[in-house]
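1. Generate coordinates for the sequence data below:
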Amino acid sequence: MKTSNQKEFFSSRFKWNLQSNRLNLLLEEKRRRGEKIFDLTESNPTAAGLNYPADDILLALAQPAALRYEPHPRGLLPVREAVSGYYRQRGYEIDVDRIHLTTSTSEAYAFLFKLLADSGHNILVPQPSYPLFDFLAGFENVELVPYQLVYHKEEWRVDFDSMAGGINQKTRAIILVNPNNPTGSFIKRDELPKLIQLCADHHLTLIVDEVFSDYIFSSSSGSVETLLEVAEVLTFVMSGLSKILGLPQMKLGWIVANGPDALRRQAQEYLDLLADTYLSVSTPIQHAAPQWLKLKSSLQNQIAARVQANLAFLQTRLASHSRCRLLDAEGGWYAVLEIFDSIPEEEFILSLLEKDNVLAHPGYFFDFQKEGFLVLSLLPPPEIFHEGVQRLLVRLQAT
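-> All right, here's what the predicted structure looks like:
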């Protein structure tokens, strides 16, 4: 009797090797043994020892209105008004009709990929950047074409030659993460017109991920902190509660649409159809969100203080280090270390975990172009971060 190949049962979307790598296997083994891990990759704010006002957060879910189901493809009006109010506090007037609620920015990406691209089309994505894009695009049968961010004269810049060189007849959009994860870099004011012109010349849509835009280390007149007002080309700006409030478990994000009026309206009609098909945003979460957004200052202040204190510690420890330097960042939750003498990242990360119980991200996890980079989260509690960094630097010095 012929045995069926399991691959015959599943779609080609599942193209990844799902087996645990050496680093994950070692981490799992150490945790089974109960060893204390100094985790410098922790990016979950709910696991970072922050003080959440539990009563304010949980009681907001206990509203009688949450018992009634009144779906709307763009989300309940009071929630969109609260999102508009969030932007108003930042100095931007956003019409509530231009806002679509989603369960997350991941779902927002999925909706936009469905909206803009057919199977085999491609979308430009920055490198280095967060590796989730590969999965999100793969599940939509959309190809990713990288364009490079380069570090020059103590700042990150877009390599427009690589961006323009990646555009072909199948290109449908350009993704910009602002500030980028993990580089923490904003697009510069002299770069934005070039980006808009490329989109206009090739009839491309601009997809902008601004989830970290509230967390700024150093404000520069040369940086663009939001692309909400870009109207020359079809533009979608995304954000959500995961980073704004440090509440990833509450699953609420949004898309703000802009661009030429007729094109934007058509795009939003199609988004309405997509959203109405799934209706994935939870009613209790929607009713609670306006109350949660009132907690923005207290929650953000904690996260910002933690991130900036850990960054300051890292800056002090690396000010004159002989083996590595801290690359400049303007915002976000991450720090990038460059090793002067390039080392095999995987072997160093494995050695660091095995011998020192310190977990850090290798640069290849974020698609850096070459070896010799480490990425650290700035969210861990100070006692974890300080000890982990000290051990990392000792190990690096001995390598």
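
2. Give me the nearest residue to Tyr334, chain neighbours excluded.
-> In this structure, Tyr334 finds its nearest non-sequential neighbour in Pro182, 3.9 Å apart by Cβ to Cβ, 6 or more residues apart in numbering. Glycine gets a C-beta too; all of them are placed from N, C-alpha and C.

3. What pLDDT is listed against that neighbour?
-> pLDDT, the model's per-residue confidence, is 97 for Pro182.

4. Does it belong to a helix, a strand or coil?
-> Secondary structure for Pro182, judged by DSSP: H, G, I helix; E, B strand; the rest coil, is coil.

5. Now do the contacts for it.
-> 128-130, 332, 334-336, 361, 366, 375 (Cβ atoms under 8 Å, 6 or more residues apart in numbering).

6. for the top strand by length along the chain, packing partners?
-> What stands out as the longest strand in the chain, according to DSSP state E, is strand 143-152. Packing partners of strand 143-152 (3 or more Cβ pairs under 8 Å, 6 or more residues apart in numbering; DSSP states H and E): strand 122-127, helix 132-138, strand 155-158, helix 160-166.

7. neighbours around Gly34, how many?
-> 6 (other Cβ atoms under 10 Å).

8. ok, the residue nearest to Gly75 when sequence neighbours are not counted - how many residues close by?
-> Once flanking residues are discounted, Gly75 sits nearest to Leu101: 3.0 Å by Cβ to Cβ, 6+ apart. Around Leu101 there are 25 other residues, counting by other Cβ under 10 Å.

9. Secondary structure element holding Leu101?
-> Assessed by DSSP states H and E, Leu101 sits inside strand 99-102.

10. That strand pairs with which strands, and in what direction?
-> Strands that pair with strand 99-102, judged by DSSP bridges, come out as strand 253-258 (antiparallel).

11. which of the residues in the strand it pairs with are buried?
-> Under the neighbour-count criterion of 16 or more other Cβ atoms under 10 Å, strand 253-258 has 253-258 buried.

12. Among those residues, which one sits closest to Leu58?
-> Gly253 (20.7 Å; Cβ to Cβ).

13. circling back: centre of the chain versus the longest strand of the chain, how much separation?
-> Chain-centre distance of strand 143-152: 16 Å, with Cα atoms, centre = their mean, to the nearest Å.

14. Of all the residues in that strand, which ones are buried?
-> Neighbour counts over strand 143-152 (16+ other Cβ under 10 Å) mark 143-149, 151 as buried.

15. cool, and stretch 259-268?
-> For stretch 259-268, by 16+ other Cβ under 10 Å, it's 259, 264, 267-268.

16. Please state the mean pLDDT value computed over it.
-> 98.

17. And the contacts of it?
-> Counting by Cβ under 8 Å, 6+ apart, 74, 97-98, 100, 115, 230-235, 257-258 sit against stretch 259-268.

18. Make TSV from the buried residues of strand 253-258 and add distance to Leu18 to it.
-> Formatted as TSV, the buried residues of strand 253-258 follow (distance: Cβ to Cβ, whole Å):
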residue	distance to Leu18
Gly253	26
Trp254	31
Ile255	30
Val256	35
Ala257	35
Asn258	38
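
19. Excluding sequence neighbours, find me the nearest residue to Leu295.
-> For Leu295, the spatially nearest residue (Cβ to Cβ, 6+ apart) is Asp56, at 6.0 Å.

20. Actually, Ser185.
-> Trp156 (3.5 Å).

21. Which strand residues bridge the one you found?
-> Tyr151.

22. tell me which residues of the lengthiest helix in the chain are tucked away?
-> The residue-count maximum for a helix in the chain (DSSP state H) belongs to helix 296-318. Buried positions in helix 296-318, judged by neighbour count with 16+ other Cβ under 10 Å: 296, 299-300, 302-304, 306-307, 310-311, 313-314, 318.

23. quick one on the thing from earlier: okay, the buried residues of stretch 259-268 in a markdown table with secondary structure and distance to Lys30 next?
-> Shown next, in a markdown table, are these (DSSP: H, G, I helix; E, B strand; the rest coil; distance: Cβ to Cβ, whole Å):
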| residue | secondary structure | distance to Lys30 |
| --- | --- | --- |
| Gly259 | coil | 50 |
| Arg264 | helix | 51 |
| Ala267 | helix | 48 |
| Gln268 | helix | 49 |
